[in-house]
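Enquirer: Have a look; sequence and predicted model below, questions after that.
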Amino acid sequence: MNSPHEDERITRRDYLNSTLLASGGVLLGAACPMDLLAAKEDWTGYGGVGDYGDSNGNTHEVMTAGHKIRDRVFEPLPSDVTDTREQFDCVIVGGGISGLASALFLARSRPTGTCLVLENHPIFGGEGKRNEFLVDGQRLIAHQGSAMIFPTLPGTFLDGFYRSIGIDFDQFQYQTWSGSDAQMPLGRTPYLDGGKTSGFFYGAKFGQTPGMWLVDPWGKRLAGAPISEKEQRELLAMQDAKPDQGHKPPEHHGDAISRHLDSITLEQDMMDKYGLSRDTIRTFLSPVAGGGSGLGPDALSAYADYAADVLLPWDYAKGPQMFPGGNAGVARHIVKALIPDSIPGELTMAAVCRSNVSFSALDQRSRNTRIRLRSTAISVQHEGPPAKSKLVNIVYTRDGKLYRVKARSVIMAGGSWTTKHIVKDFPAAQREAYAQFHRAPCLMANIAVRNWRFLYKLDISEFQWFEGIGNYTAIRRTATFGAVSPTISPDSPVVLTLKILFSSPGLPIGEQVTRGRMELLATPFRNYERAIREQFASMFSQAGFDPRRDIAGIILNRWGHAYLSAQPGFFFGKDGQPAPGEVLRQNPFGRIAFANSDLTGIMDRRASILEAQRAAGQVMARL
Ligand SMILES: Cc1cc2nc3c(=O)[nH]c(=O)nc-3n(C[C@H](O)[C@H](O)[C@H](O)COP(=O)(O)OP(=O)(O)OC[C@H]3O[C@@H](n4cnc5c(N)ncnc54)[C@H](O)[C@@H]3O)c2cc1C
């Protein structure tokens, strides 16, 4: 276990390095990708403590193994593949929520069946993972990707599923206010609420040096904001708009309204609905609007903004909830249900959150379900013609060596970006369907600060800015069943999460995601760290904030293929062709079925679970 000051020591060293080494523009100094592939340490950076300490975002190993698939390094398959002589009823590629849920559905419907989950990271969970810091003796937990969970409606399938794995929405309790300072309203998630203690920061881009804060911008109706009258008018009109602003929302998935929305961009919809100009959207609202799909509104189907509400209604009255590490909590509960001794202790939310994972329990020969980590599947191929084949060969790489296992069925739950490369002999329909999936990158930066008094002094608990790195973040009250303090005050250490997206408004979607990914992959840890420190210094030094003193640690989680960004036509198809997700859902290829949230076009753990249920059903029918 690292010392309480370990993260301080590491990040301060990196900070000093960066101060000495960096020159010129913050991100312009990015090394070329090949240099970075060699410079592993300066890519991954510090990973924190606990179960997830060596698995922050896509690790260097995962990224390089993935790129070997893309670059066809394993084609044709080398001759030195070790045959493990293992055969399973099902091999699942991908140990995110969808792959884990697939394994659970299979185990429950066929308890004697055997199943192997292959996951490329050092821990399961996919985008549902967490970071842990120790700051001045206090444990802080934050999400690496997937954050919010929405309470289910009683009697629904998802309600039963969550209950069956021990998740009870009535048990979520959050830190309470402590200390003598007047209480400030705090949310439960890193997302914005727009209330009285919100703040907008305007810097050099708006002619403000030093920058200025506008506290409670909506309550003040943007009075004092250094923006044009036109921008002010447009933004207020949007803020004042009724939910549907005279435009009826879709009632059913597939009705005329939803189909129309899928034929235009979200940007067009915002212009039609609120009278916003393109410039105002791109300056102030992009990529935050649309951020749940990883790009700005210019690239997305307008229906991307409605689909989750239409398809996945939830108990709105209870509001969004969040495990201390986001949906790492869901992944841990599924794993506990699959292999009870892999997370020791009772089946309670506190124990599942707090106990350390027993990694050796995950892949035991004596178990029907096994989870094999650090293993990247590189080839999935039927033995003989797919229609008649009895077995599928799965080859994976682990520690630089290649291994083969066999299975009577396969569920590809890893996501479009690897599935399209590793399933061999794909028929045209599935190949063309996967060609329509675009996954956008995202950098999730978790910044542990020793206290947030600088924000309290400014009278803000959540804030947004429009230049530099990142866009917004918020102080949140953490759920207390993690090993975190039950109280919070301005003197408490907290984690601020920056979601950094890479949009290039106006460019074709494929170009936007590729450019963004190049930037994410080619920028060293030290450059990002420096940019974040400079951003915070520029915004908060006026309130006494000193990055050297106040930042205790920074963890970067790089997600090369974070979000499915659904372009117009993704949900209902284009030019008379079926929707790509539907093609894959309805057409398993021989013994291979497809899962992962990206098939739905909604980046959400509910989609992961429902796609898993369908794929597991298809596999069961085949078995
Ligand atoms: C920044 C961010 C924020 C989000 N916020 C939320 C939120 O607040 N609430 C919410 O519900 N959802 C959120 N999501 C969506 C999130 O994607 C889903 O909730 C869910 O976690 C996705 O699970 P999955 O199993 O479908 O995919 P993934 O989590 O992507 O899991 C797939 C796994 O398979 C692995 N894999 C891929 N290829 C291979 C291979 N060849 N061999 C072995 N392993 C492989 C991947 O590395 C990954 O670990 C967010 C996503 C991101 C990126």
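Expert: Cool, the structure landed. Numbering: from 1, shown residues only.
Enquirer: and the stretch 201-350 of the chain, which residues reach the ligand?
Expert: residue 327 (C-beta under 6 Å from any ligand atom). For the C-beta atoms, the positions are set from N, CA and C on the backbone; glycine is no exception.
Enquirer: Mind telling me what element residue 503 is part of?
Expert: Residue 503 belongs to no helix or strand when assigned by DSSP states H and E.
Enquirer: Report the buried residues of stretch 512-520.
Expert: 512, 513, 514, 516, 517, 519, 520 (16 or more other C-beta atoms under 10 Å).
Enquirer: part of a strand, is the fourth one?
Expert: No. According to DSSP: H, G, I helix; E, B strand; the rest coil, residue 516 belongs to no strand; its state is helix.
Enquirer: what sits against the closest residue to it other than its chain neighbours?
Expert: Nearest residue to residue 516 in three dimensions, chain neighbours excluded: residue 502, at 2.7 Å (C-beta to C-beta, 6 or more residues apart in numbering). When contacts are counted by C-beta atoms under 8 Å, 6 or more residues apart in numbering, residue 502 touches 440, 441, 442, 443, 512, 513, 515, 516, 517, 519, 520.
Enquirer: Also near the ligand: which of those residues, exactly?
Expert: Within the contacts of residue 502, those near the ligand by C-beta under 6 Å from any ligand atom are residue 442.
Enquirer: want to throw the contacts of residue 502 into CSV with distance to residue 605, secondary structure and pLDDT?
Expert: Shown next, in CSV, are the contacts of residue 502 (distance: C-beta to C-beta, whole Å; DSSP: H, G, I helix; E, B strand; the rest coil; pLDDT from 0 to 100):
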residue, distance to residue 605, secondary structure, pLDDT
440, 18, strand, 98
441, 20, strand, 98
442, 16, strand, 98
443, 21, strand, 98
512, 25, helix, 97
513, 22, helix, 98
515, 28, helix, 97
516, 23, helix, 97
517, 23, helix, 97
519, 27, helix, 96
520, 23, helix, 97
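Enquirer: what's the spacing between residue 143 and the ligand?
Expert: 8 Å (C-beta to the nearest ligand atom, to the nearest Å).
Enquirer: Need the pLDDT of the residue nearest to that residue when sequence neighbours are not counted.
Expert: Once flanking residues are discounted, residue 143 sits nearest to residue 326: 2.7 Å by C-beta to C-beta, 6+ apart. pLDDT for residue 326: 97.
Enquirer: Could you pull up the residues touching residue 326?
Expert: Each residue near residue 326 by C-beta under 8 Å, 6+ apart is listed here: 128, 130, 142, 143, 144, 145, 146, 147, 148.
Enquirer: Widest-spaced pair of the contacts of residue 502?
Expert: For the contacts of residue 502, the maximum inter-member distance is 15.1 Å, found between 443 and 512 (C-beta to C-beta).
Enquirer: these two touch, right, residue 341 and residue 361?
Expert: Yes. Residue 341 is within contact range of residue 361, at 4.9 Å (criterion: C-beta atoms under 8 Å).
Enquirer: Those two: which is more packed in?
Expert: Neighbour count, other C-beta atoms under 10 Å: between residue 341 and residue 361, residue 361 has more, with 17 against 13.
Enquirer: Please name the nearest non-neighbouring residue to that one.
Expert: The nearest residue in space to residue 361 (C-beta to C-beta, 6+ apart) is residue 342, at 4.2 Å.
Enquirer: which phi and psi does the one you found have?
Expert: phi -70, psi -20 (degrees, to the nearest 10).
Enquirer: what about it, how many residues close to it?
Expert: Burial of residue 342 is recorded as 21 neighbouring residues (other C-beta under 10 Å).
Enquirer: does the residue nearest to residue 143 count as helix, strand or coil?
Expert: At residue 326 the chain is in coil, as set by three-state DSSP.
Enquirer: Same check on residue 141?
Expert: Classification of residue 141 by three-state DSSP places it in strand.
Enquirer: now it, which residues is it bridged with?
Expert: Beta-bridge pairing of residue 141, defined through DSSP bridges, involves residue 132.
Enquirer: so it touches residue 130, yeah?
Expert: Yes. Counting by C-beta under 8 Å, residue 141 touches residue 130, with 5.6 Å between them.
Enquirer: Same drill for the two, tell me which one is more crowded.
Expert: Using other C-beta under 10 Å, the more surrounded residue of residue 141 and residue 130 is residue 130, with 31 against 26.
Enquirer: just checking, the more buried one touches residue 332?
Expert: No. Counting by C-beta under 8 Å, residue 130 does not reach residue 332; the two are 9.0 Å apart.
Enquirer: Roughly how far does residue 206 sit from residue 532?
Expert: 21 Å (C-beta to C-beta, to the nearest Å).
Enquirer: Give me the buried positions along the longest helix seen in the chain.
Expert: In the chain, taking DSSP state H as the definition, the longest helix is helix 605-622. Within helix 605-622, the residues that count as buried by 16+ other C-beta under 10 Å are 605-616, 618-620.
Enquirer: what's it in contact with?
Expert: With C-beta under 8 Å, 6+ apart, helix 605-622 has contacts from 90, 96-102, 105-106, 109-110, 128, 146, 149-150, 157-158, 161, 308, 312, 327, 330, 409, 411, 413, 585, 588, 591, 593-597, 599-600.
Enquirer: Would you mind writing the CA trace of that helix as CSV?
Expert: In CSV, the C-alpha atoms belonging to helix 605-622 read as follows (Å, rounded to 0.1, in the frame of the first residue of the first chain):
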residue,chain,number,x,y,z
ARG,A,605,-25.0,0.6,-18.3
ARG,A,606,-28.7,-0.2,-18.8
ALA,A,607,-27.9,-0.7,-22.6
SER,A,608,-24.9,-2.9,-21.7
ILE,A,609,-27.1,-5.2,-19.5
LEU,A,610,-30.0,-5.4,-21.9
GLU,A,611,-27.8,-6.2,-24.9
ALA,A,612,-26.1,-8.8,-22.7
GLN,A,613,-29.5,-10.4,-21.9
ARG,A,614,-30.4,-10.6,-25.6
ALA,A,615,-27.0,-12.0,-26.6
ALA,A,616,-27.0,-14.6,-23.8
GLY,A,617,-30.5,-15.7,-25.0
GLN,A,618,-29.2,-16.1,-28.5
VAL,A,619,-26.2,-18.2,-27.3
MET,A,620,-28.5,-20.3,-25.1
ALA,A,621,-30.8,-21.0,-28.1
ARG,A,622,-27.7,-22.1,-30.1
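Enquirer: Brilliant, that's me finished.
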